[in-house]
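just need the structure, nothing else, for what follows:
(one chain, ligands or ions: 1)
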Amino acid sequence: MPSPDPTPEPAEPAPEPDADPDPGPGHRTRVVERGSFASARCDCGWKGPARRARDRARRDALSHADGTGQA
Ligand SMILES: [Zn+2]
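Residues are numbered from 1 along each chain as shown. Next up is the predicted model:
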């Protein structure tokens, strides 16, 4: 005696694949020291001006990575 399935299971929504959040080409900056000067560098090829103070170079890198474009 065939019995009809009374409650078909609802199809589960397919779990979304873990997509990598891609914020775009990010700017990875670092400060490179050269002698008594320090300058910021970025993976995008940007180079900051040589600074006497590493702190200044870091700020250059930060403002560049921020997208303000100030060099
Ligand atoms: Zn950059």
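
OK, contacts around the residue minimising distance to the centre of the chain?
Taking Cα atoms, centre = their mean as the criterion, G26 is the residue nearest the geometric centre of the chain, at 4.3 Å. Neighbouring residues of G26 by Cβ atoms under 8 Å, 6 or more residues apart in numbering: D43, A65. Yep, even glycine has a C-beta here, placed from its N, CA and C like the rest.

what's the pLDDT at it?
For G26, the model assigns a pLDDT of 77.

that one: which element?
Assigned by DSSP states H and E, G26 belongs to neither a helix nor a strand.

from the ion, how far out is it?
As judged by Cβ to the ion, to the nearest Å, G26 and the ion stand 8 Å apart.

interface residues of the protein facing the ion?
Within the chain, the positions adjacent to the ion are H27, C42, C44, W46 by Cβ under 5 Å from the ion.

among those, name the ones in helices.
Nothing among these maps onto helices, per DSSP state H.

of those, keep whichever come out buried.
Buried subset of the residues of the chain next to the ion (neighbour count, 16 or more other Cβ atoms under 10 Å): C42, W46.
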